[in-house]
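Visitor: from the sequence below, what's the structure:
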Amino acid sequence: MRKFLLFLLLVCTLVLGTLLGTQPVEAPGTKPVAVPPLPPEQKSIMITAVGDIMMHNTQISAGWQPASGSYDFSAFFRYVKPILEKSSFAIGNLETTLGTDPKEYGGYPRFNCPAALAYNLKEAGLDLITTANNHALDKGISGLQNTLQHLDEAGLLHAGTARSQEEKEALVITEIEGINTAVLAYTYGTNGLEPPAEYPFAVNYINEAQIINDIKKAQESGAQLVILCLHFGEEYQETPNKLQTALVKKCLQAGADLILGTHPHVLQPARIYLLPEEDSTPGTMERAHFVSYSLGNFISDQNGLPRKAGIILNLHLTVDSITGKPSFEKAEYIPIWTRRYIKNGRVNFEVIPIEPALKKIRAGETTEFTVAEAQELQQAWVHVLSCLDTQNTRIALASLFPAEERTTTKK
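Guide: The predicted structure follows:
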């Protein structure tokens, strides 16, 4: 036992000596060299936008649930909810007022629908609703105020209309994954209806000087990203007019980063504009700005393929790891189609992502769609790709499937 202990002591001594002998010895008068820290990883965010959210009489009726005696429109959005939920922040344009009085419910020309829609939109993944559009005053100033109240109660941010001068001037600046983001919204008009004289602040109308002033104000208030939502253009026209393009260029020059257009109810082109970086030497650094002149309809009961086909737009931005400044990277779009069908004697509506539906139809994995619906899905696919056709590789069809699994026919 004694010999074993002496042997163990000898082994420990040898090991300790070896370890001590391998320690680096600093030269006299020198200091260890500091290893610089690794730069933080580059962060990216995805902002999603959808077009006009309309509620015609048929849609209101489809949301009625006899068993509970209440309205629920969540089934309209069940197929797009998984897509919207992946976004850092999702925006939609509400083309109806909200209320709780069944006697006031109705579609065109003076829209008003159950306030349950606000909760369903929130559940579907939307974060902010723009309310500056030509239907903002369909039920007068009280309808406008009620709409904002219901959006508040559903937990949805809103931009474009206001209940007070203070609310109008506050501007909507929210944090999206650490990025202070301003969302500004304006409309060309309100179908000839005007706010009462004592409510001049109720609706943000398109006024070039006011928009430019609000962009500057948002930046001075700390906004690192400015999203401008413009309800403008001509209904059912698939190309922007000169007034649209002129206003867009002025707003971009004033500092808008992303511009989202609504109102035509059909798709219009998307474009990327390169402008000099602020405070940079002319001809050197350029910054990309994205514009969608019209997102088309998200859901409606309007007739005609161009009004039933639309997109979910995903805008990808990168955040500088040093300055924290966001920059537009690319835009991807997901073609969608509003399905109107009869089930159990009732009209129903659903927003359908086109590519997954066509893939299932061709693989024989579903018999849910009629032959006519399958044909219209294919036509809608071709129509969307045609409307957004561009040589700019930074605007592209979103990849919902690996390349080898994509079975959808090209244009």
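Visitor: ends of stretch 218-235, how far apart?
Guide: By C-alpha to C-alpha, to the nearest Å, the extent of stretch 218-235 from end to end equals 30 Å.
Visitor: revised request: answer the last question for stretch 164-184.
Guide: The straight-line separation of the ends of stretch 164-184 (C-alpha to C-alpha) is 16 Å.
Visitor: return the set of buried residues in that stretch.
Guide: 168, 171, 172, 173, 176, 179, 180, 181, 182, 183, 184 (16 or more other C-beta atoms under 10 Å). All C-beta spots, glycine's among them, are computed from the backbone N, C-alpha and C.
Visitor: restricted to strands, list those.
Guide: Among the buried residues of stretch 164-184, the members found in strands (DSSP state E) are 172, 173, 176, 179, 180, 181, 182, 183, 184.
Visitor: circling back: which pair of the buried residues of stretch 164-184 spans the longest distance?
Guide: Farthest pair in those (C-beta to C-beta) is 168 and 179. Separation: 23.7 Å.
Visitor: so where do the helices sit in the stretch 51-200 of the chain?
Guide: Residue ranges of the helices in the stretch 51-200 of the chain, as given by DSSP state H, counting those that start in this stretch, are 57-62, 81-84, 116-124, 140-154, 165-170.
Visitor: for residue 262, find the nearest of these.
Guide: Short answer: helix 116-124, nearest of these by C-beta to C-beta, at 15.2 Å.
Visitor: pull out the buried residues from the closest one.
Guide: For helix 116-124, a neighbour-count test (16+ other C-beta under 10 Å) marks 116, 117, 118, 119, 120, 121, 122, 123, 124 as buried.
Visitor: now what about it, what contacts it?
Guide: Helix 116-124 is contacted from outside by 53, 55, 63, 70-74, 76-77, 80-81, 84, 92, 94, 96, 98, 129, 150-151, 153-156, using C-beta atoms under 8 Å, 6 or more residues apart in numbering.
Visitor: which among those count as buried?
Guide: Buried members of the contacts of helix 116-124, scored by 16+ other C-beta under 10 Å, are 53, 55, 63, 71-73, 76-77, 80-81, 84, 92, 94, 96, 98, 129, 150-151, 154, 156.
Visitor: quote the end-to-end distance of stretch 156-175.
Guide: Stretch 156-175: ends 14 Å apart by C-alpha to C-alpha.
Visitor: returning to what we had before: the buried residues of helix 116-124: which two are farthest apart?
Guide: Largest separation among the buried residues of helix 116-124 by C-beta to C-beta: 116 and 124, giving 12.3 Å.
Visitor: closest to residue 338 out of the buried residues of helix 116-124?
Guide: residue 124 (14.3 Å).
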